Each structure stands twice: as C-alpha cells, then as structure tokens.
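>>> sequence and predicted structure are below.
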Amino acid sequence: MANKDVRRLLSAVMVGLAMVGFGNSAFALNLSTLTNITVWDGEGTPGVWPHENNETEPGMVNNQTWDLEGMFFKDGVLTLVGGWNFRAGLAGGGAASAGANNWFESGDVFIANTSLPPNPPNFGTGLGNGTGYDFVLDVNWAAGTFNVYSLAAGGTLLAALEPGNVPTSNPWQFTPANGQATLGPLGTFTAVSSAASSGYAQDNDFTNSGIALFGTGPRYAVSFDLRPYYSAMSAYGDTLQFHFTMECGNDLLHGQTAVPVPEPATLGLLGLSLAGLAARRRLRRSAR
C-alpha cells in the first residue's frame, strides 16, 4: 500500500473516531420517553397535566391554538409542545396589540443557569437585568435555525405586547447588539406535528404519545440540542431554567432541569475525538 493510501486510511479512521458519539442521528419524538420538566407558572386556572395543558394566562384566549402544553428534556435536547404553531404563529384577531400584519409570532427561548424557587419561577418581573435570565436561544422560526447569546454581553429584550398580560410572560424576544458574538455555532431545531403542516415533519409517535398525555387536537413540537453550548453556559452540574412565550403573551411555558457532570468515559471519548481531529490536520499538512 502506498504511503498516500496509508494516509487516507488513517485519516478516515481518525475522522470516524472523532465522530463517535457526535453523529446527527434521527430524532424520534415519543414524549413518553422524555422527562417532563414543565413548571406551572402559578397563573390562571390550573389546567391538566401538569396544570399547563388547557391553561392560558388570566384574561387571555383559552383554546387549543393558543395553548402551550409542556416542556420536555432528554440527553441535552429541549422540546416545547403545544397547540400553538411555533413556526407559523397565529393571526391576532384584530387585537390592537397584534404585531406586524395583525400576526402574532413565537418568541425566543430564555435560559437561566441559576437555581431559583421553581414554583412559581422568580422570573419575568421586568426587563433588563431584572428578568433573572442569563442566555437566550435567538430563534429564526422561518429558517429553522437558532443562535445562542449571553444576555450579559448586551442586546435588547422585548416585552410581550398584550396589555394586561401577567408579568411572568416577559421577556418575549431578544435582539442582539450590532456585532454581538454568539456562544457557539449556528444551531438547527427539529419540528414535528400531529398532522401535515408546512415546516413540520408529521410524526405518528409524537401524535400518539401527545394524545396519551394531552388528549386530542392539533399539536406541534420543536426541539433544540443544547449540548454544543453547555460549556459556554457553564451548564454542567448546574440547574437550567427555561422560558418561552408568544408575541402577545397569551400563554407561557417554564421548565427546569439539572445538567449532570459528564462521566469520565465521556470526557475520555471527547479527548480521543479531539486527538483524532488534530491528527487528521497534521496528516493533511504532511501530504502537501
């Protein structure tokens, strides 16, 4: 075997080792296999399982299309579920506070890595530093992507538009400052639905598990893999709390989960992967 072929073979082996445990495998969304991390916001009339299903905020519209039902978590992936169409949003019905073109949009996902009393969460009582949030998933719902930012580094927080909504609905959305650095690579989210819908993959497992938990009705889910951002968020060994609402603040979701410290075997695998990538770079240089 020629030296060039040996280099190619060794390079392929190193790449394979580097990708172990980091592959982009298919994400099958069966809610019964995920951990429910939903924390009831303590507002409105308690719904069912676990108070967020069939519950919206006081004085707001209460039906399936405006309902946010639950937050789930597994292996670093955060999933939001609701009758609300996360990607498309919903017409404002002529409300004076409706956004552009009388249309309400989904907000961003706010994250805190500070352990606070979970019921109700001590968040959202104002904007700026008063929110208690540390990071945000700045979501491009149309493109299916998101960036992660540190709120301490700047940017602007926007309040939900509906006057009279509960203070814990805030914040709704984040706008980064000009040139503000992200905390990692551009991420992509997974979107599934219980029926054919633009921008979603129809998923029978999600449909059946959703009916078992929440009952019938159209339902949507979006999932974000947070693992590439754990180190930047100092998440390992800490407790993460999450917040989401739509533009009008009609309903909101809170969730909380602990992030375990990686096992030694996982750290060793990461080291092996990084060593493999470094070796591949060296082989490329020597081949030139």
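Thanks, I have the structure now.
>>> okay, buried residues for stretch 71-83 please.
By 16 or more other C-beta atoms under 10 Å, the buried positions in stretch 71-83 come out as 71, 72, 73, 74, 76, 77, 78, 79, 80, 81, 82, 83. Using the backbone N, CA and C atoms, a C-beta is placed for each residue, glycine as well.
>>> for the last one, list the residues it contacts.
If I follow you right, that is residue 83. 63, 64, 65, 66, 67, 69, 217, 218, 219, 220 (C-beta atoms under 8 Å, 6 or more residues apart in numbering).
>>> quick one: the helices in the chain?
Residue ranges of the helices in the chain, as given by DSSP state H, are 3-19, 204-214, 264-287.
>>> are any of the contacts of residue 83 buried, and if so which?
So, by 16+ other C-beta under 10 Å, the buried ones in the contacts of residue 83 are 64, 66, 67, 69, 217, 218, 219, 220.
>>> quick check: residue 55 touching residue 253?
No. Residue 55 lies out of contact with residue 253 (C-beta atoms under 8 Å); the separation is 10.7 Å.
>>> mean pLDDT lowest where, among the helices of the chain?
Per-stretch mean pLDDT for these is lowest at helix 3-19 (a mean of 36).
>>> just give me the closest of the buried ones among the contacts of residue 83 to residue 184.
When the buried ones among the contacts of residue 83 are ranked by distance to residue 184 (C-beta to C-beta), residue 220 comes first, at 25.6 Å.
>>> on that earlier part again, ok, of the contacts of residue 83, which one's closest to residue 205?
Distances from residue 205 to those, taken by C-beta to C-beta, are shortest for residue 219, at 12.3 Å.
>>> can you list the low-confidence ranges for the stretch 51-200 of the chain?
Along the stretch 51-200 of the chain, the parts satisfying pLDDT under 70 run over 51, 93-101, 114-131, 163-166.
>>> and if we set it to 50?
117-129 (pLDDT under 50).
>>> can you show me the strands along it?
68-74, 77-82, 90-91, 103-104, 109-112, 135-140, 145-150, 156-158, 173-175, 187-188, 190-193 (DSSP state E, counting those that start in this stretch).
>>> got TSV for those strands, with distance to residue 229 too?
Formatted as TSV, the strands of the stretch 51-200 of the chain follow (distance: least, C-beta to C-beta, whole Å):
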stretch	distance to residue 229
strand 68-74	14
strand 77-82	11
strand 90-91	29
strand 103-104	28
strand 109-112	9
strand 135-140	8
strand 145-150	5
strand 156-158	19
strand 173-175	15
strand 187-188	8
strand 190-193	16
